[in-house]
Every structure is written in structure tokens, then in C-alpha cells.
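Participant: Sequence plus the predicted model coming up.
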Amino acid sequence: MTASARRPTDWNAKARLRRSLLEARREVADTPGTVAALTRAVLALPEVGVADTVAAYWALPGEPPTAPLIAALRQRGRRVLLPVLRPNGDLDWGAYEGTRSLASAARGLAEPVGKRLGPEAIGGADVVVVPGLAVGADGTRLGRGGGSYDRVLTRVGPPTLVVCLLWDGELLDVVPTAPHDRPVDVAVTPTAVRRFPPRSR
């Protein structure tokens with residue numbers, strides 16, 4: 001049994017940390033240099049170099065921008081999947097075919113307009129790039145609280161590399177966890193790449 005399963009989840013601590021991190025993100029300046037460094041770091045991961053399919057996301061304001069990464073992946077011949085938010089909070093997937101293939105959606109999201117591939121399509125990705133507000137020293141990811149990506153990560157097995165993009169200062173020693181939280185394999189910031197011990201998802 002894991003420590004998170006033994007201890008009751010401190011939901012108030014999670015909420016406080018989310019508020020603090022979101023407030024700090026309002027002060028982050030996403031300069032061309034920091035975004036380029038983040039993009040280079042992800043592209044330099046060996047698993048990304050040999051991937052056929054990468055699942056990513058179109059970043060919201062305040063998140064580390066992903067447009068340059070997505071463009072670079074396509075230029076290198078990778079198939080890129082982007083999420084489509086379903087009414088129940090789960091994620092469907094569609095293929096990215098350029099910025100003209102995106103449409104504005106709920107919650108400020110940009111989603112692909114083409115064929116829906118189904119929630120299980122994520123299982124065919126070699127690398128999954130996910131958003132987060134922080135990652136702890138054990139690879140535990142703190143998201144925004146909707147649970148969409150925790151569902152997603154139950155559908156990918158250990159061979160799939162899960163990468164979380166963060167700003168500097170969002171790699172923490174500990175983040176509050178719940179039994180449904182799923183770890184990531186790698187966290188990438190503009191100045192750091194941190195790998196975590198393999199864990200079953």
C-alpha cells in the first residue's frame with residue numbers, strides 16, 4: 001500500500017498549493033529564450049527522438065507554451081494527437097494538422113476539429129506530454145483538479161513516456177497526493193530535466 005493510500009488526502013492543502021502556484025504563474029514571463037529552451041529539452045529526450053506518435057496539448061495562457069514544440073514535432077514527421085474535452089471531463093483525441101485545424105472550445109481550450117479517435121487512442125502514443133502545476137520529488141503531478149489527465153494516465157502503460165511541462169520553481173520536494181493521482185516519468189522546465197524512478201501506473 002502506498003503512503004498516499006494510507007493517509008487521508010488533505011484537499012485543503014491541495015487547493016492552497018494550486019492557488020499559490022497559479023498566482024505565481026501570473027508573474028512568469030514566457031520569453032522566447034525560455035520557451036525555446038523548454039522545447040529543446042523535450043525534443044532532446046531520447047524517447048521523443050524515436051517516437052512515432054506524441055500526444056500533447058495546446059497550452060492555456062500562463063502555462064509553458066507548447067505551440068513551438070508541436071510545430072517542431074510535426075516538422076520532424078511525428079504524428080501529434082491533441083485532446084478534446086468531453087462533457088464528462090474525460091479526454092477524447094484528434095490528430096493535429098496545423099493551426100488551421102484548431103477551433104476554440106470551452107474553458108479557453110483549442111481543440112482539433114477533425115475526426116475523433118476516442119479516449120483509448122492515447123494508448124497508441126509513444127510519448128504523452130501533459131500539463132501540470134507542480135511535480136514532487138517522487139514524480140507525483142499536481143494538476144488543476146479536474147482529474148482529466150489522471151484518467152488519461154490510466155490508459156497508458158509503462159513503455160509510454162509521460163512528460164510534464166513546468167516553469168522553473170514548480171519542481172517541489174512534496175506535493176499533496178490522492179489515491180487516484182498518477183505519476184509522471186519526466187518533468188521538464190526551461191532549465192532542468194528531472195527523471196523519476198519507474199513506477200507502475
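Facilitator: Nice, I can see it. Residues are numbered from 1 along each chain as shown.
Participant: where in the chain is pLDDT low?
Facilitator: Confidence mapping of the chain against pLDDT under 70 gives the ranges 1-9, 199-201.
Participant: For residue 57, see how far away the most centrally placed residue in it is.
Facilitator: Taking CA atoms, centre = their mean, the centroid of the chain lies closest to residue 130, which sits 1.0 Å from it. Per CB to CB, to the nearest Å, residue 130 is found 7 Å from residue 57. Quick note: C-beta positions are derived from backbone N, CA and C, even for glycine.
Participant: I'd like to know which elements the longest helix along the chain is packed against.
Facilitator: The residue-count maximum for a helix in the chain (DSSP state H) belongs to helix 11-25. If contacts are counted by 3 or more CB pairs under 8 Å, 6 or more residues apart in numbering; DSSP states H and E, helix 11-25 sits against strand 141-142.
Participant: Which strands border the strand it packs on, and is each parallel or antiparallel?
Facilitator: Under the criterion DSSP bridges, strand 141-142 sits next to strand 134-135 (antiparallel) in its sheet.
Participant: Quick check: beta-bridge partners of the residue nearest to the centre of the chain?
Facilitator: Going by DSSP bridges, residue 130 forms beta bridges with residue 164.
Participant: what's near enough to touch it?
Facilitator: Shown in contact with residue 130 (CB atoms under 8 Å, 6 or more residues apart in numbering): 57, 141, 149, 152, 153, 162, 163, 164, 165, 184.
Participant: Most neighbours out of those residues, which is it?
Facilitator: residue 164 (29 neighbours; other CB atoms under 10 Å).
Participant: Does that one touch residue 186 like I think?
Facilitator: Yes. Judged on CB atoms under 8 Å, residue 164 makes contact with residue 186 at a distance of 7.3 Å.
Participant: Can you show me the strands along this protein?
Facilitator: 53-55, 79-85, 91-95, 102-104, 110-112, 127-130, 134-135, 141-142, 161-165, 186-188, 193-195 (DSSP state E).
Participant: helices or strands next to the fourth one in the packing?
Facilitator: If I follow you right, that is strand 102-104. strand 110-112.
Participant: Touching the longest helix of the chain from outside, list them.
Facilitator: Under the criterion CB under 8 Å, 6+ apart, residues 62-63, 133-134, 142, 144-145, 167, 169-170, 175-176, 178 lie in contact with helix 11-25.
Participant: what's the answer for stretch 184-194, then?
Facilitator: Stretch 184-194 has contacts (CB under 8 Å, 6+ apart) with 33-35, 37-38, 41-42, 45, 64, 130, 132, 135, 139, 141, 161-168, 170-171, 195-196, 198.
Participant: what do you get if the cut-off is 6 Å, keeping everything else the same?
Facilitator: 34, 37-38, 41-42, 135, 139, 141, 161-166, 168, 171, 195 (CB atoms under 6 Å, 6 or more residues apart in numbering).
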